[in-house]
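J.: I need the structure of the sequence given here:
(one chain, ligands or ions: 1)
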Amino acid sequence: MGSITPRLPPGIRFLLGNSAAVALPPLFVVTCVKWQALFDMPSFLVWVLAFASAPLFVITRALLHCRSVQRAAVGSGATMPPRWDGRLPGHFDVMQEMVDSLNKGYPGEFAWPQFREHGPVVQTNILWNTMYITCDPNVIKAGHPSTILATEFDNYVKGETFYGFMSPVLGTGVFNSDGESSHRFHRSMTRPFFSRDKISHFDIFDRHAETALSKMSQSFCNNHAVDFQDLVSRFTLDSAAEFLFGTCVNSLQLPLPISGLIPTIGRSKYAAVSTTTAESFADSFREAEHVCSDRAWRGWIWPLFEMFENKTSKHMKAVDQFLEPIIRDALRKKDMKSSEAERSVKDVEDGTFLDNLVHYTSDYVILHDEVLNILLAGRDTTASTLTFAVYLLCEHPDVLARLRREIIGKVGRQGRPSYEDIKEMKYLRAVVNETLRLFPPVPFNMRYAVKEALLPNPDPNGKPFYVPPGTAVSYYPFVMHRNTEFWGPDAMEFDPDRFLDKRLHKYLVPNPFIFLPFNAGPRICLGQQFAHNEVSFFLIKLLQRFNTMQLDLDSQPPESLPPKAWAGAWGRKGTEKIWPKVHLTMYANGGLWVKMVEAAD
Ligand code: HEM
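T.: Sure thing, here's the model as predicted:
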């Protein structure tokens, strides 16, 4: 199970696992010299040789590997992609540039110059590990003879690094499983619950949206700005928890942050006021997510930052404490109605995700992991979409006014939107899509090639690119979504009409894989429709109540604002009012502080 803590801390296990490769060469040197049939050398030289042998061994192995890869590429009638090389050994400076850009820069900015200089598929060799980065829809797109998301799906997996840092939280579920049989098993079990048109979600959205909006109104009455990102993170958590296992975790009941007075939720700031197991579940799950995102940043060496403790363990204890009785209860209910005949269709349709799942399996671990997989996959992504939608609406009052007209025209000021209403609101859909284009919640993604493979060369006269086994292929929807080559000269601008006017038929219809907020192929997002309903529902309720909204940059923590040096920079970087950043998903650094005015009409 995800939360069963392995006995040894991750750092110790990492060192033990890698010690052989590091220790063997020096041991070999010392042993040879000790037996000294051949050598008669001073002992300091033995030690120098012993110490130098480990890195020499690693470098020699990497160089030999490089040569064998070149030969394999030629043997396959392929070539290697252009290289992005640094100046330091192991291209350490390339890694530093990537990390700096992620920490201190604008998302993906390290990649733009490389794509411009070398084309849309580029090779890096950081610390002698080959990785490809791409923003080419032909490489990513489903249906191509050699693509990473569809035809060659089984060859491109999430990989052990991803599994390693996520598994203490997620165990093995649909989001975190690899391999044809494992992933298909989890996906087939969870998919039925998403394929039906579950109108009952709307009751859940409605209740939590009402609480969230009342809290906003209260704050604005007191002349306080609201951190909208924090608010919608609570809304999506409370909604998802109720949809998944039928219990409210009440994160919206905790006090909202007040700029400079009460901090934004997260990082245990609220542990002290989380009085119920439900509240500490919410707090602990958030904490565990933060730890996972820190691990993702650190890459494969993350265990070295957890030498003596597994940082997710204590949070997962609280998560499990809350979940256990809920899962046991669902299993008990199932046993009471064990015969198929006793379960009415209504029982199944009205039930939560967990109620449905127990009819596929009684395995506690699978139930536990599956629920947490969906919670993680669905919560931050939806909150991120809402956050950036409101950011863009604040910056584009004309779009806000037009969207509001559509909403009021369809459902009035008080009406509750139905599934059909949402489907018919074309401008709303365009606004959501345009938000997902400019700020995709999953801006970067990665797969590992299990076996050797070929990728298409963007140059129609060029040979295909060779992919050695074990190569990481990292693809960048964020960069692809803003590329003028695919979206036209105004690609950087927020203009929902591009999803409605002739630009739609010029760019997206003939080349649908230029827009990939939900991924593609057999791993396409399961919750796409759910997310669209949730985001649309909340935006409708929000605009029914408020007709003016603006950013309150004075409430934003000063260090969270875009650096002054960015003014006038290329692309959106030069004009951004907030600082978009990425951990597991895209977020607004320091929150999104806004003020809104209630409509008088
Ligand atoms: C706007 C909101 C959302 C966006 C942009 C989004 C995006 C994505 C993306 C890009 C993936 C692929 C991840 C990968 O394979 O590496 C994914 C997978 C997934 N999403 Fe979403 N998602 C959203 C909302 C949701 C919601 C609300 C749910 C559930 C309630 C959900 C459930 C899932 C699941 C279960 C997977 C894993 C599918 C698989 O691996 O077979 N998502 N999502």
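
J.: Next, the buried residues of stretch 172-187.
T.: Thr172, Gly173, Val174, Phe175, Asn176, Ser177, Asp178, His183, Phe185, His186, Arg187 (16 or more other CB atoms under 10 Å). (Glycine included, C-beta is placed from N, CA and C.)

J.: Which ones among those residues map onto helices?
T.: Among those, the members falling in helices (DSSP state H) are His183, Phe185, His186, Arg187.

J.: Tell me how far the residue nearest to the first one when sequence neighbours are not counted lies from Arg13.
T.: Going back to what we said before, that points to His183. Leaving out its chain neighbours, the residue that sits closest to His183 by CB to CB, 6 or more residues apart in numbering is Ser177, at 4.7 Å. Applying CB to CB, to the nearest Å, the value for Ser177 to Arg13 is 21 Å.

J.: give me every residue that touches the residue lying closest to Pro443 once chain neighbours are set aside.
T.: Among residues not flanking Pro443 along the chain, Phe478 sits closest, at 3.5 Å (CB to CB, 6+ apart). By CB atoms under 8 Å, 6 or more residues apart in numbering, the residues touching Phe478 are Pro107, Gly108, Pro440, Pro443, Phe444, Met586.

J.: Just among the residues you listed, which is most surrounded?
T.: The most crowded member of those, judged by other CB atoms under 10 Å, is Pro440 (28 neighbours).

J.: That one: which element?
T.: Secondary structure from DSSP states H and E places Pro440 outside every helix and strand.

J.: unless I'm mixing things up, it is touching Ile514, no?
T.: No: judged on CB atoms under 8 Å, Pro440 makes no contact with Ile514 at a distance of 11.9 Å.

J.: and for these two, which residues touch both?
T.: His481.

J.: coming back round to it: tell me the one among the ones in helices among the buried residues of stretch 172-187 nearest to the ligand.
T.: Comparing those against the ligand with CB to the nearest ligand atom places Arg187 closest, at 4.8 Å.

J.: so what's that closest one up against?
T.: Going by CB under 8 Å, 6+ apart, Arg187 touches Val174, Pro522, Leu526.

J.: Just give me the closest of those residues to the ligand.
T.: Using CB to the nearest ligand atom, the contacts of Arg187 come closest to the ligand at Leu526, 4.0 Å.

J.: For the residue nearest to the closest one when sequence neighbours are not counted, which residues are in contact?
T.: Closest residue to Leu526 apart from its sequence neighbours, by CB to CB, 6+ apart: Phe194 at 5.0 Å. By CB under 8 Å, 6+ apart, the contact set of Phe194 is Leu526, Gly527, Gln529, Phe530.

J.: a strand runs through the last one, doesn't it?
T.: No: looking at Phe530 with DSSP: H, G, I helix; E, B strand; the rest coil, it is helix, so not inside a strand.

J.: What pLDDT does the model give whichever residue of the stretch 451-600 of the chain sits closest to the ligand?
T.: Nearest residue of the stretch 451-600 of the chain to the ligand, counting by CB to the nearest ligand atom: Gly527, 2.1 Å away. At Gly527, the model reports a pLDDT of 92.

J.: Spit out the contact partners of it.
T.: By CB under 8 Å, 6+ apart, the neighbours of Gly527 are Phe194, Ile374, Ala377, Gly378.

J.: Pretty sure the second one sits against Phe175.
T.: Yes: counting by CB under 8 Å, Phe175 is a contact partner of Ile374 at 7.5 Å.

J.: And Phe205, how far from the ligand?
T.: According to CB to the nearest ligand atom, to the nearest Å, Phe205 and the ligand sit 11 Å apart.

J.: what do you get for Leu102?
T.: 18 Å.

J.: before we move on, what about Ala240?
T.: Ala240 sits 6 Å away from the ligand, going by CB to the nearest ligand atom.

J.: Mind jotting down where the strands sit in the stretch 101-250 of the chain?
T.: Along the stretch 101-250 of the chain, the stretches classed as strands by DSSP state E, counting those that start in this stretch are 121-126, 129-134, 156-157, 226-227.
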